[in-house]
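Engineer: would you be able to build a 3D model of this:
(chains A and B)
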Amino acid sequence: MAIRSFLILFILFFFSSLNPILSLYEDQVGLVDWHQQYLGKVKQAVFHTHKTGRKRVVVSTEENVVALLDLRQGEIFWRHVFGSNDVIDGIDIALGKYVITLSSGGSILRAWNLPDGQMVWESSLRGPKHSKSLLLVPTNLKIEKDNIVIIFSNGRLNAVSCIDGEVLWEKDFEGESLEVQQVIQPPGSNLIYVVGFASSSLFEMYQINALNGELLKHESAAFSGGFLGEVSPVFSETVVALDSTGLILLTVSFQNGMISFQQTPISNLVKDSFGPAKIIPSSVTGIFAIKMNAVTIVIRVTDENKLEVVEKTNHETSISDALPVSEGQQAFALVQRAGPEIHLRVKLAHNWDDNLLKESVKMDQHRGLVHKIYINNYIRTDKSYGFRALIVMEDHSLLLLQQGEIVWSREDGLASIIDVTTSELPVERDGVSVAKVEHNLFEWLKGHMLKLKGTLMLASPQDIAAIQSMRLKNSEKSKMTRDHNGFRKLLIVLTRAGKLFALHTGDGHIVWSYLLQSLQKSKVCQHPIGLNLYKWQVPHHHAMDENPSVLVIGKCGPSSDAPGALSFVDTYTGKELSSLSLVHSVAQVIPLPYTDSTEQRLHLLIDADKHAHLYPKTPEAISIFERELSNIYWYSVEDDNGIIKGHALRGKCTGEVADEVCFDTRELWSIVFPSESEKIIATVTRKLNEVVHTQAKVIADQEVMYKYISRNLLFVATVALKGSGEIGSVTPEESWLVAYLIDTVTGRILHRVTHHGSQGPVHAVFSENWVVYHYFNLKAHRYEMSVIEIYDQSRADNKDVWKLVLGKHNLTSPISLYSRPDVITKSQSYFFTHSVKTIAVTSTTKGITSKQLLIGTIGDQVLALDKRFLDPRRTVNPTQAEKEEGIIPLTDSLPIIPQSYVTHALRVEGLRGIITVPAKLESTTLVFAHGVDLFFTQLAPSRTYDSLTDDFNYALLLITIVALVAAISLTWTLSERKELQENWR
Amino acid sequence: MEKGKGIMGSGRRWAVDFSDNSTAPSSRDIPDPPGFARASVDQDDSTVSRQKKDAESNWKAQKAWEVAQAPFKNLLMMGFMMWMAGNTVHLFSIGITFSALWQPISALQGVGKVFEPYKDNKVDLLGPKLLFIALNLGGLALGVWKLNTLGLLPTHASDWVSSLPPAQEVEYSGGGIPL
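Structural biologist: Down below sits the predicted model:
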């Protein structure tokens, strides 16, 4: 205790004289942190290219972002993130100055000012029932000089004024089983057609006066074959649909209120049938496409409603929406991928045979197929039309093509990160210098002169600006080799598109990217999902020559028994080493604490039938595993049944799945929560790679408390079934929250606490021997954070100093969880102002540095909060000794210090996760926050006590040394001389 | 000293010979002054020198005891300083404590040197030395006690367990909510 307290006090003494708050100076922004803005996969794009003014495009994305992009560089002018519960259904531009967005299942309509992105108006639309949401902005349809927007949502057709968002008229479509498919507004008329299906075999058509919502006509016709999927409008009064078998195309014409069907079996159009077809909707007059398995067929509808196949291709084809060009003509684009190139064709709707434009563009193989295309035209200097195309690729990236070249590209796949891991960079070897050397000696000298000027405070404002830009562009930080402090690493991220990116922590640039074939749509796997990333091989001592690699786990489809897929990717080169399509499913992945001789970590994959499969499938791994078999357990949390089950491994699989690496499991214990009073809403465990420095916690009166440190602890939070809804939906008496600490080997409940009148959502973080969780207190109408610390009482009698000095204690001998633990817990609760999106905790290499909680706030910022504020030993009046220990007097709420926002002035829009990685320097931890945006920084929770800070005054040190050396030599010569004189006397 | 040596060495200009050759009969060419009795001097010589030596050794013994007692004063002053410094860890209190530790140690290292001038066949230096050592040890003890009250000595269990790594667990368990 004594030495400890001395050191702590010494440090405290040192730093209390400095600024106690961890914050940045203005000129430190961007030195170690970087921020990148993304949008997500574009699902709709509308161009805004008037003859004058800047060329812009409005996009909406699957991450629910609406943004205005510059067409020249692809920069974001403005951006709004709607959040996951406000899904965007449609966007359009009205009056040339408003961006109209329809969101939240068609119930919120907003208009944004196009140049600056400010909201102009918002109106909420309600309706009788849930339905498809359609947004239509007719170009020249006016009600009393008022441009209107037509919205079909929630079973109701609305006409909304463009100017102020007022609902001008509304019309309900309440037919019991009516499913509206399309709302068509023939240009130049005041009519609106609403077409849909009712009771699966009835085609319904409503003709409505657009000016007042009056129903003009209602026709319905039965088609015995039924309907399947969507309809595609081909003419203003004709749509194409598929019958329920997907083998017959129906051309439905409702001219003059008469509905007529025309059936065309697909087998009549193409010789060999490929199974049921699917319509790809397009807005091009007279053209539509169907897809049968991998074959895309483009079909033209002639004036007599005859169908003609114009193209049949095996390539994945995307068709753009119709783009009106001169005199009522429509252009559209088709784009296909063929090998390393993509082929873009622009055609006129009525003239299939000629191409307005035909281009081939070289495209990186790792962008995959083209998913979407949007085209826009411009007039070239020779008065002909030129076209630019905005394409969305399989990896969710967005590119602009013009004149056969990629003008710009955005890696918007990075907006939807699923999982993150890190990898070390290669070690710098002699002769292999990856860093860029300074251009020449003169530049180098100039840089150092400037720096010297800066430190001696002789620099002019221009010089200071130059120094700042030099600091920001320091080539040192983006080097491709390992550094001494471990600040430079690779962040390996897996995106929802199934692409793996390696980002450099220095400046965030993409080192490599790889589109995983195992996570791409294929014949065997229709809906692949990427799940997780694990460190597969971390070369260390005896496998130094191997490159590190990561394991990517995915599965085919959302069902629990879908077969899994594994990929192993080298993190230095970004190449896939191998991939496996598994026969079994993947329900759990358990990285084991054992590695084989090549430093490959053993992983246990549990399938849906509760068989365990060991990877890597080598005899060596099996022998290591079998040695430890009896000590390996696993548990499963079935949150919908409210059961937690513990399992042990039994031995090799028996029965039909006879496999060397397959092991049977048996159930050991189960905890069943009463379904009506407790529902599992959150579980959290310690991070596997967390390092704990010590098992003892020294408290004020030189007493020791032994932390109960176990990797096998699970924190579970349950709420009353009634209280599992939204905050405020129940009274405090009906809702409670129970927190458990469960030992996952034996199933023993170590601690249980009930918070009456509290409600979820619960966000929790578990580290060392404590857990912090955040929930809502209904009685106090405020958010609360609680901390539980768990201590081992059975070790508390290790008090004899001599035994400890001589090492005669059993504190470090291995312990079994089957020995009866004697634990005590301490807990405390505090109010917290913010609602929280996620909580993380800092981690350092040795675990000596004090911890900070990183709280992702609802404002998409990251707040660093000292763990000292969440210490259950806080009291209102701490004693002198406790104060010396650093205990803060108890307050009812946790302070939010504005300077302790890690993200300073920035926002990580759509924040989803915070990852902390230890650097090699003990004081420092690397923090990566991801959402729609990415943010990275370095943090030193106890300041950088083990290295000189950036603002250390080297000049002063240098001057002092020089002065000292000068003084020494001067006095030495003086004394020599004096001695000589004395001798001569 | 050096200067003198130098002069005595090479650059000798004149010299006085203090050697008393008065007793030599050959040199007795100058008669003794009247009233000078050579015999009496010769007779008293030995007793006077013995007396002188006794006085000197007495003086040396006394001095040695004085020197041996000197650390006591130091001890008192140290104690006062320590009381002044208080029990909180401070730059000042640490400085005091370390000087309190250093002084006795350096003094103990130089026990021989301290008593060098009083070395004599007749003087028993063991007593003073022991006292000196005891007092310095007392000073050292005071310093150590101060160190302990400041909490800088590893005398508590906490000092020995605070860096113990957590115990290894035999069992390993993993899992969670199915993916």
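
Engineer: and what about A:Val745, helix, strand or coil?
Structural biologist: Put simply, A:Val745 is coil when judged by DSSP: H, G, I helix; E, B strand; the rest coil.

Engineer: what sits against residue 107?
Structural biologist: As the question left the chain open, I've gone with chain A. Listed by Cβ atoms under 8 Å, 6 or more residues apart in numbering or on different chains, the contact set of A:Ser107 reads A:124-127, A:153-154. Where you see a C-beta, it was placed from the backbone N, CA and C, and this is true even at glycine.

Engineer: looking at chain B here, not the other one
Structural biologist: By Cβ under 8 Å, 6+ apart, the contact list for B:Ala107 reads B:71, B:114, B:132, B:136, B:139.

Engineer: isn't A:Ser567 up against A:Trp536?
Structural biologist: No - the pair A:Ser567 and A:Trp536 fails to qualify as a contact (Cβ atoms under 8 Å) at a distance of 9.8 Å.

Engineer: so what sits against both of these two?
Structural biologist: Shared contacts of A:Ser567 and A:Trp536 (Cβ under 8 Å, 6+ apart): A:Leu551.

Engineer: residue ranges for the helices of chain A, please.
Structural biologist: A:2-16, A:266-269, A:441-455, A:461-472, A:619-628, A:801-805, A:880-885, A:954-984 (DSSP state H).

Engineer: A:Ala840 is nearest to which of these?
Structural biologist: helix A:2-16 (24.1 Å; Cβ to Cβ).

Engineer: quick one: mean pLDDT over that closest one.
Structural biologist: The average pLDDT within helix A:2-16 is 44.

Engineer: and the most centrally placed residue in chain A, bridged to which residues?
Structural biologist: Nearest to the mean C-alpha position of chain A, by Cα atoms, centre = their mean, lies A:Ile417 at 3.3 Å. In this entry, A:Ile417 is beta-bridged to A:Thr495, by DSSP bridges.

Engineer: what sits against it?
Structural biologist: Going by Cβ under 8 Å, 6+ apart, A:Ile417 touches A:493-496, A:912-913, A:930, A:934.

Engineer: how far away is it from A:Leu531?
Structural biologist: 13 Å (Cβ to Cβ, to the nearest Å).

Engineer: try B:Gln109
Structural biologist: B:Gln109 is 71 Å from A:Leu531, by Cβ to Cβ.

Engineer: what's the answer for A:Val692, then?
Structural biologist: Counting by Cβ to Cβ - A:Val692 and A:Leu531 are separated by 28 Å.

Engineer: thinking again about what came up before, so between B:Gln109 and A:Leu531, which is more surrounded?
Structural biologist: For B:Gln109 versus A:Leu531, neighbours defined as other Cβ atoms under 10 Å in any protein chain shown are more numerous around A:Leu531 (18 against 10).

Engineer: assign B:Ser93 to helix, strand or coil.
Structural biologist: Of the three states, B:Ser93 takes helix under three-state DSSP.

Engineer: who's in contact with the closest residue to it other than its chain neighbours?
Structural biologist: In space, and not counting its chain neighbours, B:Ser93 is closest to B:Ala85: 3.9 Å by Cβ to Cβ, 6 or more residues apart in numbering or on different chains. Contact partners of B:Ala85, counting by Cβ under 8 Å, 6+ apart, are B:92-93, B:96-97.

Engineer: out of those residues, which is most surrounded?
Structural biologist: B:Thr97 (26 neighbours).

Engineer: got a markdown table for the helices of chain A, with mean neighbour count too?
Structural biologist: Shown next, in a markdown table, are the helices of chain A (neighbours: other Cβ atoms under 10 Å in any protein chain shown):
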| stretch | mean neighbour count |
| --- | --- |
| helix A:2-16 | 15 |
| helix A:266-269 | 15 |
| helix A:441-455 | 13 |
| helix A:461-472 | 14 |
| helix A:619-628 | 15 |
| helix A:801-805 | 14 |
| helix A:880-885 | 15 |
| helix A:954-984 | 10 |
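
Engineer: quick check: A:Met292 touching A:Gly275?
Structural biologist: Yes - using Cβ under 8 Å, A:Met292 makes contact with A:Gly275 at a distance of 5.9 Å.

Engineer: so which bits of the stretch 801-950 of chain A are right by chain B?
Structural biologist: A:801, A:804-805, A:811-818 (Cβ under 8 Å from any Cβ of the partner chain).

Engineer: which pLDDT value goes with A:Lys499?
Structural biologist: At A:Lys499, pLDDT is 92.

Engineer: if you could redo that for A:Lys51, that was the one I meant.
Structural biologist: Value listed for A:Lys51 in the pLDDT field: 67.

Engineer: which ones are touching A:Thr296?
Structural biologist: Taking Cβ under 8 Å, 6+ apart, one finds A:280, A:289-290, A:311-317 in contact with A:Thr296.

Engineer: neighbours of A:Ser224, how many?
Structural biologist: A:Ser224 has 7 nearby residues by other Cβ under 10 Å.

Engineer: could I get the contacting residues of the closest residue to it other than its chain neighbours?
Structural biologist: Nearest residue to A:Ser224 in three dimensions, chain neighbours excluded: A:Ser201, at 6.3 Å (Cβ to Cβ, 6+ apart). Counting by Cβ under 8 Å, 6+ apart, A:Ser201 makes contact with A:222-227.
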